[in-house]
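Enquirer: Below are the sequence and a predicted model; questions follow.
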Amino acid sequence: MKTTSRPKSIEAYIARAPREVRGKLKELRAAIRKTAPKALEKISYGMPYYGYKGRLAYFAYAKAHIGLYVPPPVIAEHKKELKDYGTSTATVRFPLDKKLPIALIKKLIRARMKKNEAKTKKL
């Protein structure tokens with residue numbers, strides 16, 4: 001049985017991606033880092049993870065899309081803006097054959113940051 005080791009850094013994760021996906025992953029990473037410069041960045045569950053006063057976001061690539069995973073209820077609150085993308089409770093799927101909607105991604109990240117900040121103020 002062949003086992004594949006998980007990447008130990010986000011750079012390693014991106015380097016393992018197919019060449020045609022790497023640029024988009026770098027662009028997504030840069031957008032998250034610019035929006036949340038104080039966020040913790042690491043590999044968790046084998047994919048890039050960002051934490052800011054709690055879970056902020058994950059991302060991963062698949063055969064036909066890049067998934068952005070943002071804890072609920074952010075996706076539901078932006079359903080109209082996300083109508084052109086596949087979504088579920090905590091996931092947005094951006095097709096690989098289209099440009100990443102960087103402004104929308106930043107908006108989702110900011111929304112999750114505000115929710116995390118409000119949650120930590122209550123504690």
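Expert: Everything's here; your move.

Enquirer: Neighbours of residue 79, how many?
Expert: Neighbourhood size, residue 79 [other CB atoms under 10 Å]: 9. Every C-beta, even on glycine, is put in place using the N, C-alpha and C of the backbone.

Enquirer: how close does it get to residue 19?
Expert: 33 Å (CB to CB, to the nearest Å).

Enquirer: Which residues belonging to the helix or strand of the chain with the lowest mean pLDDT are considered buried?
Expert: Lowest by mean pLDDT, DSSP states H and E among the helices and strands of the chain is helix 102-122, with a mean of 95. By 16 or more other CB atoms under 10 Å, the buried positions in helix 102-122 come out as 104, 105, 108, 109, 111, 112, 113, 115, 116.

Enquirer: Next, format those residues as JSON lines and append distance to residue 53.
Expert: Shown next, in JSON lines, are the buried residues of helix 102-122 (distance: CB to CB, whole Å):
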{"residue": "104", "distance to residue 53": "22"}
{"residue": "105", "distance to residue 53": "19"}
{"residue": "108", "distance to residue 53": "16"}
{"residue": "109", "distance to residue 53": "13"}
{"residue": "111", "distance to residue 53": "13"}
{"residue": "112", "distance to residue 53": "10"}
{"residue": "113", "distance to residue 53": "8"}
{"residue": "115", "distance to residue 53": "9"}
{"residue": "116", "distance to residue 53": "4"}
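
Enquirer: Pull the contacting residues for residue 12.
Expert: Neighbour list for residue 12: residue 43 [criterion: CB atoms under 8 Å, 6 or more residues apart in numbering].

Enquirer: Show me the shaky parts of this protein.
Expert: Applying pLDDT under 70 to the chain picks out residues 1-4, 123.

Enquirer: before we move on, back to that, can you tell me which of the buried residues of helix 102-122 lies closest to residue 29?
Expert: residue 105 (10.6 Å; CB to CB).
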